[in-house]
Structures are given as structure tokens and as C-alpha cells.
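>>> give me the fold of what follows.
(one chain, ligands or ions: 1)
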Amino acid sequence: MSPSLSSPSADSPTGPDNPYGHSLPSYLQAENLGPWGNYLQQVDRVIPHLGNLARWAETLKRPKRVLIVDVPIHMDDGSIAHFEGYRVQHNVSRGPGKGGVRFHQDVTLSEVMALSAWMSVKNAAVNVPYGGAKGGIRVDPKKLSLGELERMTRRYTSEIGIIIGPNKDIPAPDVNTNEQIMAWMMDTYSMNTGSTATGVVTGKPVDLGGSLGRREATGRGVFTVGTEAAHRINLKIFGERVAIQGFGNVGGVAGKLFAEAGALVVAVQDNGGTIYREAGLDVPALLKHVAATGSVGGFASAEVLATDKFWDVPCDILIPAALEQQITAANAHRIQARMLIEGANGPTTPAADDILQSRNVLVLPDVIANAGGVTVSYFEWVQDFSSFFWDEDEINARLVKIMKNAFAGIWQVAEEHNVSLRTATFIVACKRILHTRELRGLYP
Ligand code: GLU
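Residues are numbered from 1 along each chain as shown. Take a look at the predicted model:
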């Protein structure tokens, strides 16, 4: 166990000086070195900047509520399979829990806890009135039939139904979940509660109370924050070389917007392969290829690279838009880009952050860079409550305004405190979270 990670701050109510308690419960400690450990290190970096609010900081190191559920379903072959599901509400001081649900074979409780905490920070960073939550099922959904996927989604929704709701905790899409899955979740919750509750999830189909612009929102936010940061470091978008890991809802949309602005998308990696073209890939054709085949593998008119070579690609902007812990101390020194935009949640470890900072690579952290998705989720939730729906131009304009203002504030804090953009985002967000925590007080 690393002492710097496990020792709470001196004024922590359960710190070593506290005769009543001990350090964090074992399942919350950083020794697992997974995403939750990375998150705890990020929190430790912000505590010195919190002033008097630091006395509440341990709130950030403990999820409010953790639910582990068994999800049994009938498989098509007549057998019964059990899946492990989670829903974690990290913090609800600023409003209901909010965050996606991911279906992936490697999902763990530690991962979902970290993702829920990053949602608390992200929601506070863009100042939408939510706490943070996240859910997941440990499953490879590609191995399920459509019927099995529906049964699993519905049973999972029923199981977490005791803690979700339009005013309690609002799930949304994440890795391997989509509009159809949100429709099943909304329907299951509504059937169980006896009335149609569109606001219980976001990222629904537009015909079912979803919002225009939601599907593209995360990628659009990545592009918006990337453009704002680029201006500040004299990086043009036109003609700059972009490399993207993950070409789905986030990476694909961001790639399209960067290409439309004149950037050259030179490399793309997904779980079907790694492709490269020095003069820039034909992004519209690549999007069609991915829609038809499911991955970038097999795309004509591109060189194929070995998976690990992706990190050496000559580029100006790197966008990790897949899973967490991709950029580590083992590969951070190889990255050629001047700017890294985190489309994924948690793609860069704290050790890699330090290496990138020492090499002057500007990192735009997940907790602001990919906040466009949840920002339009908020718009969707508001529209559902009022049953009044906005046009796409209005949604995009509001999204861009929120992202630009939030980023400008974070940039200023980074300059004032002489810290990374990640720590600056944590300063802005954690102050907001802990201020409401203090205002609300302890009860019961
Ligand atoms: N899964 C997305 C994220 O990580 C969106 C969550 C939401 O819209 O609630 O930010």
C-alpha cells in the first residue's frame, strides 16, 4: 500500500489521529492501483488547494452508496446465466446521481466506483445540478443475442430500481450501451412504478423523450474544448494531425468534426485494428466502413500498424476515446502530440500525467473534455420534465456555451494556482461539491 495514497489528510474525521476510527475501509484503499486508486491520487492532489473545505474532503474518497446486484436471465439455449451488476452513487450533494451504464467483460466494482466519482467531478465542473453515479454489468454484450441483451438489461434495471429514479439517480449510455438499451431501461422502470417516467434515463431515442444532439454531444464537446485549448497554445486546427483511439460515439464524432475543420485524422485505433495514413484518412468513408463492419479493421487505402505502434504515431493532437488506463508510465514518453484530449474516462494514469506535463504535452482531462455528453443529458432531462423539446441548433449552441465558459474558468484557475488542467478542474468541481456538502450539513 502506498502511504501517500492511504493516509487521509490530518484533519480528516477518520484520519490516523482520530481515536474513533481508522483510515479508509479496505475496499476503498488505493492499493488495487486500478481506476479507483488513480482517482484517489487525483483527489490527494487537489486537497492542498481546497482551503477550509478540505475538512470535508474525505467525502470525496468514499462513495455514498454502492449496490452490487445479481442479474439472472434465461439464455436462448434454455440455461440460466448470472451476471454481476453494479450501481454506485458517489455523491448526491448537488442533485440526483447521474452517469452512464457500461456493459463490458472487464467491468469491476473499483472501475465503477472511479467512474461514478469522475461523474461527480465532471457534473460539478460544467455546473449541471447533479451528483455523480455510474453503473455496469460484467458481461461481453457481443456474445448475447438481442433477446438475451434485453432480458439482462430489464432484470438489471429492476434490480437497481430501488435506488434510481428521475429525482434520485438517472442512468445514461456509456461503453457498449445505446439508445435501445435506454428505451428498455425506461420501459422497465416505468412498468414497475406504474407510470411512464421518461426522465429516469437519458440518451433515449428521440421518439421516446430523447434529445436531439445527444448522440453527438460527447464528441462535439471534445471538439469544442480541443478548439478552445488549441487557440491558447497557438495550435491551429487546420492542417494539424490527429490520432484517435476508439472510433465509436465519442471518437468517431470528434474525428468527423476535426476533419471538417481541416485537421488530418492520420491514425485511428479500435479493437479491430490500427490504421494510419500520413496524408489523412477519408473520415466520412471510414465512418461508413465502421457502421457497416463494426470496426476500422479492413479499411482500404490505409496502412495497418501493429497495435502498440499507435503510441509512436507522429501527430499534434491525440484523442484517447476508448477505455481507461491506456496512457501509463510505460508509454507516456512515446507520445508525439502537443495536446491530448481525453474523450474516454480515465485514460491517463497519474504517473503518465506527470510525464506528459514534464514533456509539455497539454492534457485536457476527461472531467471537462468529455462533459458534453452529460451536459446534453441534462438538457434531455429538463426537456422531459417540461415536455417541451428544443431544436438541435438551440441544443448545440447551449452546449458550446457551457463548455466554453467552463473551460475558460478552469484555464484561469490552472494559471492562478500553477497546476495542471486536471487539478484545476478538480479544484473548481470539488469546491462546488464540498461547498454544497457543508451548506447542507450532516443529517441525520
Ligand atoms: N457516459 C457518459 C459519461 O461518461 C454520459 C453520462 C450521462 O449522460 O449521464 O459522461
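>>> quick one: secondary structure of the residue of the stretch 301-444 of the chain found nearest the ligand?
When distances are taken as CB to the nearest ligand atom, the stretch 301-444 of the chain reaches nearest to the ligand at S377, 3.2 Å away. Glycine gets a C-beta too; all of them are placed from N, C-alpha and C. The three-state assignment at S377 reads helix, by DSSP: H, G, I helix; E, B strand; the rest coil.
>>> what's the pLDDT at it?
Predicted confidence (pLDDT) for S377: 98.
>>> go on, P444?
Reported pLDDT for P444: 95.
>>> and the helices in the stretch 1-150 of the chain?
Remark: helices assigned in the stretch 1-150 of the chain by DSSP state H, counting those that start in this stretch are 3-6, 35-46, 109-125, 146-160.
>>> in JSON lines: the ones you listed, plus mean neighbour count, distance to the ligand and mean pLDDT.
Below are the helices of the stretch 1-150 of the chain laid out as JSON lines (neighbours: other CB atoms under 10 Å; distance: least, CB to the nearest ligand atom, whole Å; pLDDT from 0 to 100):
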{"stretch": "helix 3-6", "mean neighbour count": "13", "distance to the ligand": "24", "mean pLDDT": "35"}
{"stretch": "helix 35-46", "mean neighbour count": "22", "distance to the ligand": "13", "mean pLDDT": "94"}
{"stretch": "helix 109-125", "mean neighbour count": "28", "distance to the ligand": "6", "mean pLDDT": "97"}
{"stretch": "helix 146-160", "mean neighbour count": "20", "distance to the ligand": "14", "mean pLDDT": "98"}
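>>> circling back: which residues does the residue of the stretch 301-444 of the chain closest to the ligand contact?
Applying CB atoms under 8 Å, 6 or more residues apart in numbering, we find S377 in contact with K98, I170, A172, T202, G203, S211, R214, A217.
>>> and which of those residues is nearest to the ligand?
Nearest to the ligand among the contacts of S377 is A172, at 3.3 Å by CB to the nearest ligand atom.
>>> what degree of burial does that closest one show, as a neighbour count?
Using other CB atoms under 10 Å, A172 has 26 other residues around it.
>>> give me the phi and psi for it.
phi -160, psi 170 (degrees, to the nearest 10).
>>> and the gap between F407 and D270?
With the distance defined as CB to CB, to the nearest Å, F407 ends up 27 Å from D270.
>>> isn't F83 right up against I73?
Yes - applying CB atoms under 8 Å as the test, F83 and I73 come out as touching, 7.4 Å apart.
>>> which residue is nearest the middle of this structure?
In the chain, the C-alpha nearest the mean C-alpha coordinate belongs to N345, at 3.8 Å (CA atoms, centre = their mean).
>>> can you pull the contacts of R65?
With the criterion set at CB under 8 Å, 6+ apart, R65 makes contact with V88, Q89, I163.
>>> enumerate every residue touching the second one.
By CB under 8 Å, 6+ apart, the contact set of Q89 is P63, K64, R65, V66, G97, S116, G131, G132, A133, I163, D169.
>>> give me the beta-bridge partners of it?
R65, A133 (DSSP bridges).
>>> give me the common contacts of F83 and I73.
Applying CB under 8 Å, 6+ apart, one finds that F83 and I73 are jointly contacted by M152.
>>> and the helix or strand encompassing L434, how far out from the chain middle?
Using DSSP states H and E, L434 maps to helix 421-440. Its chain's C-alpha centre and that of helix 421-440 lie 18 Å apart, by CA atoms, centre = their mean, to the nearest Å.
>>> nearest residue to V266 other than its sequence neighbours?
Excluding the flanking residues, the one nearest V266 by CB to CB, 6 or more residues apart in numbering is R241, at 4.6 Å.
>>> please report how far the one you found lies from K143.
37 Å.
>>> the two: which is more packed in?
Ranked by neighbour count (other CB under 10 Å), R241 and K143 place R241 first, with 19 against 9.
>>> the ligand contacts on the chain?
Within the chain, the positions near the ligand by CB under 6 Å from any ligand atom are K98, G99, G100, A172, D174, T202, N345, N370, G373, V374, S377.
>>> can you do 5 Å?
Counting by CB under 5 Å from any ligand atom, the chain comes close to the ligand at K98, G99, G100, A172, D174, G373, V374, S377.
>>> ranges for the strands of the stretch 251-400 of the chain?
264-270, 273-276, 303-304, 317-320, 339-341, 362-364 (DSSP state E, counting those that start in this stretch).
>>> show the average pLDDT along the last one.
Per-region confidence: strand 362-364 scores 98 on mean pLDDT.
>>> okay, F407 and D270: which has more neighbours?
Relative neighbour count places F407 above the other of F407 and D270, with 26 against 21, counting by other CB under 10 Å.
>>> re the thing from before, out of the strands of the stretch 251-400 of the chain, which gets nearest to R440?
In terms of CB to CB, the element of those nearest to R440 is strand 362-364, at 31.5 Å.
>>> which elements pack onto the closest one?
The criterion is 3 or more CB pairs under 8 Å, 6 or more residues apart in numbering; DSSP states H and E, and the helices and strands that strand 362-364 contacts are helix 214-232, strand 339-341, helix 350-358, helix 421-440.
>>> sorry, back to before: now the residue nearest to V266: how far from D312?
Here R241 is placed at a distance of 13 Å from D312 (CB to CB).
>>> got it, and D187?
The spacing between D187 and D312, counted by CB to CB, is 47 Å.
>>> the more surrounded of the two?
Higher neighbour count among D187 and D312: D187, with 20 against 15, using other CB under 10 Å.
>>> for that one, report the pLDDT, please.
pLDDT recorded at D187 is 98.
>>> quick check: closest non-adjacent residue to it.
In space, D187 is closest to R154, 7.9 Å off (CB to CB, 6+ apart).
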